[in-house]
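Chemist: build the 3D model from these lines:
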Amino acid sequence: MSDVQDLQAFHQRPKAALNSDSGLSELLPKDFDKALVTLLVEKSQYRLTVFYAQKAIKSYPVVFGSEPVKDKRYEGDGATPEGIFSIRNLYPHARWSKFLWVDYPTDSSWQKHHASKAAGEIPAEATIGSEIGIHGVPDNNNSLIETRSNWTRGCVALKNPDIDELYTVSSKGMLVEIVG
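Modeler: Numbers count the residues shown, from 1 in each chain. Sure thing, here's the model as predicted:
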C-alpha cells in the first residue's frame with residue numbers, strides 16, 4: 001500500500017458514532033465488495049468507523065495503548081501509530097478473538113522513528129516495533145472498552161462481538177487510517 005501511505009486524510013470524520021444498534025450485515029448491500037470497505041480510527045474520539053464506498057456506515061468504541069494521545073515512535077512507548085496503513089493479514093486469535101494485523105511500520109513510520117532519534121526524543125538504541133493490530137479483548141473483559149482502559153501495547157482493541165462482526169467484512173489489503 002505504499003501508494004496510499006502518504007495521503008494526509010482519506011476519510012471524512014463522522015460527527016458522531018453511527019448505527020451502534022444495527023449489524024453490519026443490515027447496513028451493507030447484500031452483494032457488497034470487501035475491496036470497498038475501509039476503516040477510520042479516531043484516537044481522540046475512542047472510535048473506529050467502518051466506511052463502505054467512502055461513506056461512513058457504522059462506528060464502534062475502541063481503546064488503545066497506555067499512551068493514547070501520542071503517535072508511536074518506538075517499541076515499548078505504549079502509543080498507537082498514526083497514518084495510513086493496510087491490513088497485512090487477519091486470523092482468529094486465542095487471546096483476543098480475532099486479529100487484523102496492520103502493516104506497521106510503513107515508510108512513513110520509519111521516517112518518524114528516525115527523525116525522533118535524530119532529534120534526541122527517543123533513545124538511540126530504540127527499535128521501531130511491530131505486530132500492531134486491531135483485535136478484541138481477553139474473554140469476559142469487554143468492560144475494558146466500556147471504561148476506556150487503554151491496556152494494549154499500541155494496538156486498537158474492540159469488544160469481542162464488535163471485532164467478530166468487523167472481521168466478517170475485513171480483507172487483506174483493506175485500508176486503515178489512524179488519526180489523533
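
Chemist: contact partners for the closest residue to residue 123 other than its chain neighbours?
Modeler: Leaving aside its chain neighbours, residue 123 sits nearest to residue 74 (7.5 Å; criterion: CB to CB, 6 or more residues apart in numbering). Where C-beta positions appear, they are placed from N, C-alpha and C, glycine not excepted. The contact partners of residue 74, by CB atoms under 8 Å, 6 or more residues apart in numbering, come to 113, 116, 122, 123, 126, 127, 128, 129.

Chemist: burial count for the fifth one?
Modeler: The reference is to residue 126. Using other CB atoms under 10 Å, residue 126 is surrounded by 16 other residues.

Chemist: show me the shaky parts of this protein.
Modeler: Low-confidence segments of the chain, defined by pLDDT under 70: 1-9.

Chemist: extract the C-alpha trace of the longest helix seen in it and format it as CSV.
Modeler: Criterion DSSP state H: the longest helix present in the chain is helix 107-118. Taking Å, rounded to 0.1, in the frame of the first residue of the first chain, the C-alpha atoms of helix 107-118 are listed here in CSV:
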residue,chain,number,x,y,z
ASP,A,107,7.9,4.0,5.3
SER,A,108,6.3,7.0,7.0
SER,A,109,6.6,5.2,10.4
TRP,A,110,10.3,4.7,9.8
GLN,A,111,10.8,8.4,8.8
LYS,A,112,9.1,9.5,12.1
HIS,A,113,11.2,6.9,14.1
HIS,A,114,14.5,8.1,12.5
ALA,A,115,13.6,11.8,12.9
SER,A,116,12.7,11.2,16.6
LYS,A,117,16.1,9.6,17.1
ALA,A,118,18.0,12.3,15.3
